[in-house]
Structure formats: C-alpha cells, structure tokens
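Participant: Predicted model and sequence below, questions to follow.
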Amino acid sequence: MERITHQDVPAICALYKRVWEPAPDGVPTEFAKSWMPTPLEFTSWMEGITYFAARRDGRLIGVVGLETRRGAGRLVHLAVDPDSRRQGVATALVKVAIDWAKHANAPAVWTDALARFSVARSLFLHLGFTEAGLLHRHEWGEDIRLFELQL
Ligand SMILES: CC(C)(COP(=O)(O)OP(=O)(O)OC[C@H]1O[C@@H](n2cnc3c(N)ncnc32)[C@H](O)[C@@H]1OP(=O)(O)O)[C@@H](O)C(=O)NCCC(=O)NCCS
C-alpha cells in the first residue's frame with residue numbers, strides 16, 4: 001500500500017475501466033462513466049484528494065482516495081480489480097486511508113455508496129463503519145447510502 005504518483009495515472013484509469021466497463025447490472029451508465037476518468041480528469045482529482053494504491057507483483061490492483069474537507073475525511077473512488085477481490089485488498093486500502101485521516105487529526109471518516117451495492121455495504125460494516133443515512137434518488141435516480149466511522 002502506498003501513495004500514488006503521476007506515473008500511476010494510466011494504470012489507475014485502466015483499473016477503473018476494468019471495474020466499471022461494462023456498467024454492472026442496473027447501474028446507470030452515467031454513474032459508471034463518472035467512475036472512469038480520463039488521465040487528464042484523474043490528474044485534476046489528484047489535486048484535492050490523496051490516493052493510495054495496492055500492488056501485487058508490480059501490478060496495480062486497487063485504489064482508494066481520501067478527501068479532507070472541513071476537518072473530516074471522506075473515502076472516494078474505491079475500486080479493486082475483479083481478479084483480486086475477496087482477498088482483503090479493499091480492507092487494507094481503507095485501513096491505510098483511515099490511518100492517514102487519524103494522522104491528520106480528523107475526528108471522523110465518512111463515505112457513500114449506491115444503495116444497490118450490497119458488497120460495499122458489507123465491506124464498510126465489516127470495517128466498523130455505521131450506516132448514517134440514505135439519500136433518495138440522489139445520483140442519476142439512484143439511492144445513496146452514507147457510512148461513518150468515528151476515529
Ligand atoms: C467493494 C470492493 C471494493 C471490495 O473489495 P475487496 O478487496 O474484494 O474487499 P475485501 O476482500 O477487503 O472484503 C472485506 C469484507 O467485505 C465484505 N465483502 C467483500 N466482498 C464481498 C462479497 N462479494 N459479498 C459479501 N461480502 C463481501 C466481507 O465482509 C469481506 O470480509 P470477508 O472476506 O472476511 O468475509 C470491490 O468489490 C469492488 O471494487 N467493487 C466494485 C466497485 C465498488 O463497488 N466500489 C465501492 C463503491 S463505494
């Protein structure tokens with residue numbers, strides 16, 4: 001697990017494509033598209049967000065971002081390569097991001113996910129987050145679940 005560099009940008013964009021193309025069943029294409037930045041778009045995301053990557057044998061297999069706003073940490077853009085799932089990669093990435101938030105004295109970390117993503121819900125509950133609410137038809141008509149963790 002380590003922070004990414006500008007050299008990682010093409011590999012990260014390729015990873016998001018492997019995860020979101022084609023869009024999973026029922027997921028609006030606009031949502032999937034918003035998770036597939038071009039290298040230029042991702043470079044601008046990097047200006048406000050600290051990203052961490054997981055690698056295996058030199059290959060990038062997972063990524064997560066931590067955005068700090070008004071003192072709280074927000075996890076964004078979490079994705080793990082379909083071939084590397086259920087091996088603790090997301091767990092390790094989120095833990096690194098939480099440690100980073102603690103180091104920055106954030107009192108809490110929060111995140112959100114499409115309500116239909118039961119796997120994301122299981123992951124965040126497994127990591128000690130609690131469900132903090134539901135925004136109805138919030139992103140392209142989809143409900144969004146909020147999760148929070150007090151540090
Ligand atoms: C959600 C995602 C990041 C999980 O990554 P992962 O590396 O497979 O997750 P982990 O191996 O760390 O799983 C940790 C825990 O989460 C839960 N979990 C993960 N995958 C699960 C699944 N398919 N079904 C049920 N629970 C699951 C389990 O509690 C698991 O612990 P366990 O394996 O000991 O039972 C990955 O599936 C992914 O990239 N999905 C597509 C993108 C996405 O949904 N991003 C999140 C949007 S917020």
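Facilitator: Happy to help now that I have it. Model, not experiment: these values are computed from the prediction. Residues are numbered from 1 along each chain as shown.
Participant: Now do the worst-scoring helix or strand of the chain on mean pLDDT: everything it contacts.
Facilitator: Ranked by mean pLDDT, DSSP states H and E, the weakest helix or strand in the chain is strand 2-3, scoring a mean of 92. If you take CB atoms under 8 Å, 6 or more residues apart in numbering as the criterion, strand 2-3 is touched by 50-53, 55. In this view, the C-beta of every residue, glycine as well, is placed from N, C-alpha and C.
Participant: Can you tell me the strand partners of that strand and which way each runs?
Facilitator: As defined by DSSP bridges, the strand partners of strand 2-3 come to strand 50-56 (antiparallel).
Participant: quick revisit: can you name the next helix or strand after the least confident helix or strand of the chain?
Facilitator: As assigned by DSSP states H and E, the chain's next helix or strand after strand 2-3 is helix 9-20.
Participant: End to end on stretch 48-68, go ahead and measure it.
Facilitator: 8 Å (CA to CA, to the nearest Å).
Participant: list the buried ones in it?
Facilitator: Within stretch 48-68, the residues that qualify as buried by neighbour count (16 or more other CB atoms under 10 Å) are 49-54, 60-68.
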